[in-house]
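J.: Predicted structure and sequence below. I'll ask about it afterward.
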Amino acid sequence: MTRQVITKALGLAACLGAAAAVAPAQAADGMVSVELNKLEATNNACRAYLVLQNGTSHAFESLKLDVVMFDADGIVARRLAVEAAPLSTGKTSLKVFDVDGLACTEVGRVLLNDVLTCTGDGGALDGCIDMIEPASRTDAPFVK
């Protein structure tokens with residue numbers, strides 16, 4: 001191989017590796033991946049971006065999450081109810097919400113405390129908290 005071909009091949013491999021690194025996490029079969037993708041400072045608020053991927057056989061009509069944000073010292077800073085639906089089967093979706101009066105730099109950890117409402121397929125669904133896999137691309141871990 002010539003040096004030019006090797007250089008192009010290495011460049012292509014690096015690009016493909018970078019693309020795989022930024023691809024959203026795939027939800028495991030039967031799971032809903034909820035990724036805290038970004039925290040962004042806005043006027044007197046922290047804007048949170050959640051990327052959801054539905055790997056279940058359910059089309060969610062309502063999926064209201066009980067989310068708790070802790071500061072760097074582990075003290076509860078905010079508690080929110082976040083509606084993440086509608087979320088169709090196999091669908092990837094982005095939900096954006098603002099947390100007023102909280103700087104993003106103050107967020108130390110985010111907890112998926114519970115699922116407040118979980119309906120789909122024409123009725124209430126059981127075991128929704130067990131279907132959710134939280135993850136984070138931010139400095140703040142997202143756990144349940």
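T.: Arrived safely, thanks for sending.

J.: Excluding chain neighbours, give the residue nearest to E61 in space.
T.: Computed as C-beta to C-beta, 6 or more residues apart in numbering, the closest residue to E61 that is not its neighbour in sequence is T119, at 4.8 Å. For the C-beta atoms, the positions are set from N, CA and C on the backbone; glycine is no exception.

J.: Ignore what I typed, I meant V82.
T.: Once flanking residues are discounted, V82 sits nearest to L65: 4.7 Å by C-beta to C-beta, 6+ apart.

J.: list the contacts for the residue nearest to E61?
T.: Going by C-beta atoms under 8 Å, 6 or more residues apart in numbering, T119 touches F60, E61, S62, L125.

J.: Dump the residues you listed into CSV; add neighbour count, pLDDT and secondary structure as well.
T.: Formatted as CSV, these follow (neighbours: other C-beta atoms under 10 Å; pLDDT from 0 to 100; DSSP: H, G, I helix; E, B strand; the rest coil):
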residue, neighbour count, pLDDT, secondary structure
F60, 26, 97, strand
E61, 16, 97, strand
S62, 17, 97, strand
L125, 18, 93, coil
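
J.: and T119, bridged to which residues?
T.: T119 forms beta bridges with S62, A124, as assigned by DSSP bridges.

J.: Can you list the low-confidence ranges for the chain?
T.: Scanning the chain for pLDDT under 70 picks out 1-28.

J.: Could I get the contacting residues of D73?
T.: Contacts of D73 by C-beta under 8 Å, 6+ apart are G108.

J.: Am I right that it falls within a strand?
T.: No: using DSSP: H, G, I helix; E, B strand; the rest coil, the assignment for D73 is coil, not a strand.

J.: Which residue ranges of the chain form helices?
T.: Using DSSP state H, the helices of the chain run over 3-22, 128-131.

J.: Which stretches in this structure count as strands?
T.: Secondary structure of the chain by DSSP state E: the strands cover 32-42, 45-54, 60-71, 76-83, 92-100, 107-120, 123-124, 132-136, 142-143.
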